[in-house]
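Asks: mind folding the following:
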Amino acid sequence: MTPWEAALGASVKTPTPGGVVDLKIPAGSHAGTKLRLKGRGMPSSPAGDFYVVLQIALPPAADEEAKAAYRSMADAMPFNPRASLGV
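Replies: Predicted coordinates:
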């Protein structure tokens, strides 16, 4: 998922053993969050549950426009992911 899908919430298409489903990602989600899709796991009687572990994919800063967008985001949202580590 993208950073904005994690922050704002989204509905994304997700493959499962039984086919593609629309997965609702709650706003404020973070990498490593597990979401359970009841009855969407291995086909059997009854079908098992399927667990999705969220991963955030960052768009590459491949050109000046993308780099400027990242700089703008850094200025607008000061954030230190290492603050809890005391650094």
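Asks: looking at it, residue 16 is touching residue 50, isn't it?
Replies: Yes - Residue 16 sits in contact with residue 50 when judged by CB atoms under 8 Å, with a separation of 5.0 Å. To be clear about C-beta, it is placed using only N, CA and C from the backbone, and glycine gets the same treatment.
Asks: comparing the two, which residue is more hemmed in?
Replies: Neighbour tally, residue 16 and residue 50, criterion other CB atoms under 10 Å: the higher count belongs to residue 50, 20 against 16.
Asks: would you confirm that that one contacts residue 36?
Replies: Yes - counting by CB under 8 Å, residue 36 is a contact partner of residue 50 at 7.4 Å.
Asks: which outside residues touch the top helix by length along the chain?
Replies: In the chain, taking DSSP state H as the definition, the longest helix is helix 64-76. With CB atoms under 8 Å, 6 or more residues apart in numbering as the test, helix 64-76 has contacts from 59, 60, 61.
Asks: if we go to 6 Å?
Replies: residue 61 (CB atoms under 6 Å, 6 or more residues apart in numbering).
Asks: centre of the chain versus that helix, how much separation?
Replies: 20 Å (CA atoms, centre = their mean, to the nearest Å).
Asks: now do that helix, average pLDDT.
Replies: Across helix 64-76, the average pLDDT comes to 95.
Asks: in CSV, list the C-alpha atoms belonging to it.
Replies: Extracted in CSV, the C-alpha atoms of helix 64-76 (Å, rounded to 0.1, in the frame of the first residue of the first chain):
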residue,chain,number,x,y,z
GLU,A,64,13.3,16.5,-9.2
GLU,A,65,9.5,16.7,-9.0
ALA,A,66,9.3,13.6,-6.8
LYS,A,67,12.2,14.9,-4.6
ALA,A,68,10.4,18.2,-4.2
ALA,A,69,7.3,16.4,-3.1
TYR,A,70,9.2,14.5,-0.4
ARG,A,71,10.9,17.8,0.7
SER,A,72,7.5,19.4,1.0
MET,A,73,6.2,16.5,3.0
ALA,A,74,9.2,16.7,5.3
ASP,A,75,8.6,20.4,5.9
ALA,A,76,4.8,20.0,6.4
